[in-house]
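Peer 1: everything below, folded, please.
(one chain, ligands or ions: 1)
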Amino acid sequence: MEITSKVIILDYGSQYTQLIARRVREAGVYSEIHPCTVTIGELRALRPSALILSGGPSSVGDVGAPTLDAEVLGLGVPVLGICYGMQLMAHGLGGKVASSESREYGPSELTIEADCPLWADLDPAEPLKVWMSHGDHVAALPKGFAVIGHTGSVAIAAMADEAQRFYALQFHPEVHHTDRGTTILHNFLFKICGLKSNWTMASFVETTMAQVREQVGDAKVVCGLSGGIDSTVVAVLLTKALGKNVHCIFVDNGLLRLNEGPEVMSYLQEHFDLNLHYIEAQDLFLDRLRGVEDPEKKRKIIGHTFIEVFDKEAKSIQGVKFLAQGTLYPDVIESVSFRGPSAVIKSHHNVGGLPETMNLSLVEPLRELFKDEVRKVAVELGLPDFVIWRHPFPGPGLAIRVIGEITPQRLAILRQADKIVQTELTASDWYRKVWQGFAVLLPLKTVGVMGDDRTYENVIALRVVDSIDAMTADWSRLPSELLARISNRIINEVKGVNRVVYDISSKPPSTIEWE
Ligand code: XMP
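Peer 2: Model prediction:
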């Protein structure tokens with residue numbers, strides 16, 4: 001597909017830069033984020049239809065603060081400056097930026113002052129709830145600009161030079177807390193820039209395949225496949241783009257759910273013709289974990305063993321130059337700006353370690369997407385529902401759900417109990433409503449009575465949580481009938497369990513997993 005409308009977002013280090021990109025994608029317009037250090041030559045070569053200058057943590061007057069090349073504003077395309085982006089525009093065009101006495105974070109009310117296309121479809125009589133996050137503000141307008149909005153504390157909260165199609169907002173239209181923020185962004189994209197809404201997830205797949213082909217050429221790529229949605233989408237997308245040059249490595253660590261690994265892998269291989277290396281390393285992992293009870297030790301052993309096994313397999317394939325990973329935007333969100341001025345990159349617990357040891361270049365086609373967008377890509381690629389809606393499953397697998405020592409017997413008990421949890425959540429239609437649901441095997445025995453006999457058996461804890469990003473979570477209010485059915489089935493069907501408890505802790509202060 002030919003890209004006719006391209007918005008370039010210059011990243012000045014805001015935590016919201018990706019959210020701006022997401023809103024533009026949602027509007028059906030193609031966008032790219034570039035660091036604010038991009039040269040004017042590079043920017044020109046990108047042929048932008050419009051520019052958005054993101055917010056950022058700096059003050060325009062600070063030594064070393066990111067600047068705006070005057071020539072950027074001379075490109076002749078519409079520009080929207082947001083927060084720091086607004087201050088840069090003012091500063092660069094001869095206005096004045098001042099530091100506020102106090103920083104303003106959170107909600108504020110914007111009064112619309114002018115009949116401006118940016119406010120199309122908004123009611124000027126209604127103050128808008130907007131989200132502020134700034135220390136500085138524009139104190140004097142640059143030449144040619146007019147005030148188009150103010151708040152109680154900021155006289156120039158929005159400004160425009162309509163002749164040049166320059167617009168700037170002190171608040172953040174990209175965040176949910178700003179009323180009608182989407183309308184404002186759409187007004188910029190469609191009414192002001194005249195862009196077309198024709199960018200879809202199908203276009204994402206197409207352009208990403210083209211980019212990957214260009215990046216990788218004829219070289220070979222290895223890709224770790226876990227059966228989770230992110231790595232599966234990467235494997236399928238890359239295989240569509242590069243064919244058999246993509247080698248997908250699945251490591252069976254013996255810590256997977258009941259039949260899960262083999263089932264998912266055979267499905268994928270059959271439907272997507274993956275070049276799959278299925279590595280049976282169950283014994284190696286379980287040997288190394290024997291006698292280990294400490295959660296951190298378990299994680300370290302599993303992490304190192306995974307790298308060792310993966311590395312060995314990858315080295316046996318001739319000509320591998322790239323490592324593909326299903327890194328998503330939330331995996332890098334802790335960094336203030338991953339490609340902007342501060343360029344801090346924190347590696348995610350799943351992926352840390354591999355790249356350094358292997359000396360391969362990274363391919364990360366999902367790096368700019370949010371989880372729900374990855375699901376849309378998965379639909380586009382034709383992945384089945386059971387992959388698309390699969391609950392997150394931790395890299396260390398059941399090892400961190402068998403509390404205490406991991407033995408084949410204890411794993412077998414947990415697997416059976418967990419299978420019942422998965423089956424009942426699915427049958428009752430709760431599987432898709434909750435973030436995650438699973439069983440945990442506790443390291444203690446309690447007394448029970450079965451028939452006429454006293455029993456002394458294991459306890460299973462049921463953990464089911466609601467969450468939107470796993471950063472915070474609350475225990476799911478499952479119907480008591482469903483809880484009763486799960487408990488009855490586990491106690492009756494899983495030999496060695498005589499008690500089931502429901503975990504009613506939220507995160508924080510607890511975590512989702514028990515270890
Ligand atoms: P916690 O237990 O920290 O979990 O509240 C948050 C989310 O992360 C998952 N999790 C992991 N995922 N490797 C992973 O891939 C890990 O080591 C790991 N530890 C926790 C957990 O299942 C939940 O979704």
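Peer 1: return the residues of the protein in contact with the ligand.
Peer 2: 299, 349-350, 392, 394-396, 436, 470, 507, 511-513 (Cβ under 6 Å from any ligand atom). Bear in mind the C-beta positions are built from the backbone N, C-alpha and C, glycine included.
Peer 1: how about 8 Å then?
Peer 2: Selection of the chain residues close to the ligand by Cβ under 8 Å from any ligand atom yields 228, 299, 349-350, 391-396, 400, 435-436, 467, 470-471, 473, 507, 510-514.
Peer 1: contact partners of the longest strand along the chain?
Peer 2: Longest strand in the chain, counting residues (DSSP state E): strand 96-112. The contact list for strand 96-112 (Cβ atoms under 8 Å, 6 or more residues apart in numbering) reads 59-61, 87, 90-91, 119, 122, 124, 127-140, 148-154, 157-158, 171, 177.
Peer 1: make it 6 Å
Peer 2: The contact list for strand 96-112, computed with Cβ atoms under 6 Å, 6 or more residues apart in numbering, reads 60, 87, 90-91, 119, 124, 127-130, 132-140, 149-151, 157.
Peer 1: now the residue lying closest to Ile504 once chain neighbours are set aside: phi and psi?
Peer 2: Distances taken as Cβ to Cβ, 6 or more residues apart in numbering put Trp475 closest to Ile504, at 4.9 Å, once the chain neighbours are dropped. Torsion angles at Trp475 (phi, psi; degrees, to the nearest 10) stand at phi -70, psi 140.
Peer 1: give me the neighbour count for Trp475.
Peer 2: Neighbour count of Trp475, defined by other Cβ atoms under 10 Å: 19.
Peer 1: quick one: it from Ile512, how far?
Peer 2: 10 Å (Cβ to Cβ, to the nearest Å).
Peer 1: so what sits against both of the two?
Peer 2: Contacts common to Trp475 and Ile512, judged by Cβ under 6 Å, 6+ apart, are Val465.
Peer 1: before we move on, the earlier item: tell me which of the residues of the chain next to the ligand fall in helices.
Peer 2: Arg299 (DSSP state H).
Peer 1: which among the residues of the chain next to the ligand end up buried?
Peer 2: 228, 299, 350, 391, 393-396, 400, 435-436, 467, 470, 473, 507, 512-514 (16 or more other Cβ atoms under 10 Å).
Peer 1: quick one: residues contacting the closest residue to Glu457 other than its chain neighbours.
Peer 2: Leaving aside its sequence neighbours, Glu457 sits nearest to Asn498 (Cβ to Cβ, 6+ apart; 3.9 Å). Applying Cβ under 6 Å, 6+ apart to Asn498 gives the contacts Gly448, Thr455, Glu457.
Peer 1: buried ones in the one helix or strand Asn498 maps to?
Peer 2: Using DSSP states H and E, Asn498 falls within strand 497-502. For strand 497-502, the neighbour count (16+ other Cβ under 10 Å) marks Val497, Asn498, Arg499, Val500 as buried.
Peer 1: what mean pLDDT does it get?
Peer 2: The average pLDDT for strand 497-502 rounds to 98.
Peer 1: again with stretch 229-247
Peer 2: For stretch 229-247, the mean confidence score works out to 97.
Peer 1: same deal with stretch 478-489?
Peer 2: 98.
Peer 1: buried sites along it?
Peer 2: Leu478, Leu482, Ile486, Ser487, Arg489.
Peer 1: least confident secondary structure element in the chain?
Peer 2: helix 354-358 (a mean of 66; mean pLDDT, DSSP states H and E).
Peer 1: any idea which helix or strand comes after that one?
Peer 2: Helix 354-358 is succeeded, C-terminally, by strand 361-363 (DSSP H and E).
Peer 1: list the buried residues in that next one.
Peer 2: Val363.
Peer 1: can you pull out the strands in the stretch 251-400 of the chain?
Peer 2: 276-280, 320-324, 361-363 (DSSP state E, counting those that start in this stretch).
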